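Participant: return a 3D structure for these sequence lines:
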Amino acid sequence: MKTQHLGPGSEFLNTRSLCEDGEIERIGHGAYRGTHAPKIQDFRWADLVEAVRLAKDGVVCLTSALAIYELTEEIPRQHWIAIRHETGHRAEPSTKVVRMRNIELGKTTTKLGNVTIPIFDREISRPVRWQHPW
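Facilitator: Sure, this is the predicted structure:
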(Lines give C-alpha, C1' and ligand atoms only; values in the text may rest on other atoms or scores of the structure.)
Protein backbone atom coordinates (compact mmCIF):
# COMPACT_ATOMS: atom_id res chain seq x y z
CA MET A 1 0.00 0.00 0.00
CA LYS A 2 1.47 3.35 -1.06
CA THR A 3 0.69 6.45 1.02
CA GLN A 4 1.29 10.14 0.48
CA HIS A 5 1.10 13.12 2.79
CA LEU A 6 -0.75 15.96 1.05
CA GLY A 7 -0.88 18.48 3.91
CA PRO A 8 -3.33 19.38 6.69
CA GLY A 9 -6.59 17.46 6.47
CA SER A 10 -5.18 14.92 4.05
CA GLU A 11 -5.45 12.11 6.60
CA PHE A 12 -9.24 12.21 6.28
CA LEU A 13 -9.04 12.00 2.49
CA ASN A 14 -6.53 9.13 2.65
CA THR A 15 -8.65 7.23 5.17
CA ARG A 16 -11.78 7.78 3.13
CA SER A 17 -10.17 6.63 -0.11
CA LEU A 18 -8.66 3.57 1.60
CA CYS A 19 -12.15 2.66 2.89
CA GLU A 20 -13.65 3.13 -0.56
CA ASP A 21 -10.88 1.04 -2.14
CA GLY A 22 -11.50 -1.77 0.35
CA GLU A 23 -8.02 -1.56 1.91
CA ILE A 24 -9.35 -0.77 5.41
CA GLU A 25 -12.69 -1.05 7.20
CA ARG A 26 -14.14 1.15 9.92
CA ILE A 27 -14.72 -0.77 13.14
CA GLY A 28 -15.57 2.16 15.42
CA HIS A 29 -15.22 5.89 15.93
CA GLY A 30 -11.69 6.71 14.74
CA ALA A 31 -10.74 3.02 14.63
CA TYR A 32 -9.92 1.19 11.41
CA ARG A 33 -8.62 -2.28 10.58
CA GLY A 34 -6.92 -3.52 7.44
CA THR A 35 -9.21 -5.84 5.50
CA HIS A 36 -6.45 -8.45 5.46
CA ALA A 37 -5.83 -8.25 9.23
CA PRO A 38 -6.64 -11.42 11.16
CA LYS A 39 -10.22 -11.54 12.38
CA ILE A 40 -11.47 -13.53 15.32
CA GLN A 41 -13.07 -16.79 14.27
CA ASP A 42 -15.48 -17.04 17.22
CA PHE A 43 -18.05 -14.29 16.59
CA ARG A 44 -19.19 -14.33 20.25
CA TRP A 45 -16.02 -12.51 21.29
CA ALA A 46 -15.38 -10.31 18.24
CA ASP A 47 -16.75 -7.12 19.79
CA LEU A 48 -14.95 -7.84 23.09
CA VAL A 49 -11.64 -8.16 21.23
CA GLU A 50 -12.25 -4.81 19.51
CA ALA A 51 -13.17 -3.17 22.85
CA VAL A 52 -9.90 -4.38 24.41
CA ARG A 53 -7.90 -3.10 21.45
CA LEU A 54 -9.53 0.33 21.64
CA ALA A 55 -8.76 0.72 25.36
CA LYS A 56 -5.12 1.70 25.89
CA ASP A 57 -3.44 -1.16 27.81
CA GLY A 58 -6.89 -2.63 28.47
CA VAL A 59 -7.32 -5.97 30.23
CA VAL A 60 -10.49 -8.10 30.22
CA CYS A 61 -11.79 -8.30 33.80
CA LEU A 62 -14.68 -9.18 36.13
CA THR A 63 -17.81 -10.59 34.48
CA SER A 64 -16.29 -10.62 30.99
CA ALA A 65 -13.29 -12.64 32.22
CA LEU A 66 -15.56 -15.06 34.09
CA ALA A 67 -17.65 -15.54 30.94
CA ILE A 68 -14.55 -16.38 28.90
CA TYR A 69 -13.41 -18.87 31.56
CA GLU A 70 -16.98 -20.26 31.66
CA LEU A 71 -17.18 -19.67 35.42
CA THR A 72 -20.50 -17.85 35.30
CA GLU A 73 -23.87 -18.24 33.66
CA GLU A 74 -24.31 -14.48 33.60
CA ILE A 75 -24.18 -12.89 30.16
CA PRO A 76 -22.39 -9.54 30.48
CA ARG A 77 -24.44 -6.63 29.13
CA GLN A 78 -21.23 -4.67 28.71
CA HIS A 79 -17.61 -5.67 28.17
CA TRP A 80 -15.67 -5.16 31.40
CA ILE A 81 -12.24 -3.71 30.62
CA ALA A 82 -9.66 -2.67 33.24
CA ILE A 83 -7.35 0.25 32.48
CA ARG A 84 -4.72 2.09 34.48
CA HIS A 85 -6.12 4.62 36.95
CA GLU A 86 -4.47 7.57 35.18
CA THR A 87 -5.40 6.51 31.63
CA GLY A 88 -7.98 8.49 29.70
CA HIS A 89 -10.61 6.58 27.76
CA ARG A 90 -13.47 7.61 25.47
CA ALA A 91 -16.81 6.27 26.77
CA GLU A 92 -18.38 3.52 24.70
CA PRO A 93 -21.91 2.21 25.37
CA SER A 94 -20.82 -1.43 25.06
CA THR A 95 -17.84 -1.09 27.43
CA LYS A 96 -17.69 -0.75 31.21
CA VAL A 97 -14.29 0.68 32.16
CA VAL A 98 -12.84 -0.21 35.55
CA ARG A 99 -9.90 1.92 36.66
CA MET A 100 -7.24 0.07 38.64
CA ARG A 101 -3.94 1.19 40.12
CA ASN A 102 -2.19 -2.13 39.46
CA ILE A 103 -3.32 -3.94 36.31
CA GLU A 104 -0.19 -6.07 36.13
CA LEU A 105 -1.13 -8.27 39.12
CA GLY A 106 -2.74 -11.42 37.75
CA LYS A 107 -2.55 -10.24 34.14
CA THR A 108 -2.14 -13.00 31.59
CA THR A 109 -3.23 -13.66 28.02
CA THR A 110 -5.69 -16.02 26.44
CA LYS A 111 -6.34 -17.01 22.87
CA LEU A 112 -9.82 -16.53 21.44
CA GLY A 113 -9.81 -18.19 18.06
CA ASN A 114 -6.76 -16.77 16.32
CA VAL A 115 -6.43 -13.62 18.47
CA THR A 116 -4.56 -13.26 21.78
CA ILE A 117 -5.96 -10.79 24.32
CA PRO A 118 -4.88 -9.65 27.80
CA ILE A 119 -7.09 -10.96 30.62
CA PHE A 120 -6.91 -11.35 34.38
CA ASP A 121 -6.32 -14.96 35.42
CA ARG A 122 -9.01 -17.12 37.01
CA GLU A 123 -7.67 -16.66 40.53
CA ILE A 124 -7.95 -12.86 40.33
CA SER A 125 -11.24 -12.73 38.40
CA ARG A 126 -13.31 -14.86 40.73
CA PRO A 127 -12.72 -13.18 44.13
CA VAL A 128 -12.59 -9.63 42.76
CA ARG A 129 -15.99 -10.04 41.09
CA TRP A 130 -17.68 -10.67 44.44
CA GLN A 131 -15.95 -7.76 46.21
CA HIS A 132 -17.46 -5.11 43.94
CA PRO A 133 -21.16 -4.22 44.15
CA TRP A 134 -21.54 -3.74 40.35
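
Participant: what bits of this structure have low per-residue confidence?
Facilitator: Within the chain, the segments meeting pLDDT under 70 span 1-13, 38-43, 127-134.

Participant: in it, which spans are strands?
Facilitator: 24-28, 31-34, 59-60, 79-84, 95-100, 107-112, 115-120 (DSSP state E).

Participant: residues contacting T35?
Facilitator: G22, E23, I24, E25 (C-beta atoms under 8 Å, 6 or more residues apart in numbering). (Each C-beta comes from the backbone N, C-alpha and C, glycine too.)

Participant: contacting residues around G88?
Facilitator: So G88 contacts K56 (C-beta under 8 Å, 6+ apart).

Participant: need phi/psi at it.
Facilitator: phi -80, psi 150 (degrees, to the nearest 10).

Participant: for it, give its distance to D47.
Facilitator: As for G88, its distance to D47 is 22 Å (criterion: C-beta to C-beta, to the nearest Å).

Participant: hang on, the earlier thing: what would the strands of the chain look like in CSV with mean neighbour count and distance to L66?
Facilitator: Shown next, in CSV, are the strands of the chain (neighbours: other C-beta atoms under 10 Å; distance: least, C-beta to C-beta, whole Å):
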stretch, mean neighbour count, distance to L66
strand 24-28, 15, 25
strand 31-34, 13, 26
strand 59-60, 28, 10
strand 79-84, 23, 9
strand 95-100, 18, 14
strand 107-112, 14, 13
strand 115-120, 20, 10
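
Participant: would you reformat those strands as TSV and include distance to T72?
Facilitator: Formatted as TSV, those follow (distance: least, C-beta to C-beta, whole Å):
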stretch	distance to T72
strand 24-28	26
strand 31-34	28
strand 59-60	13
strand 79-84	12
strand 95-100	15
strand 107-112	16
strand 115-120	14
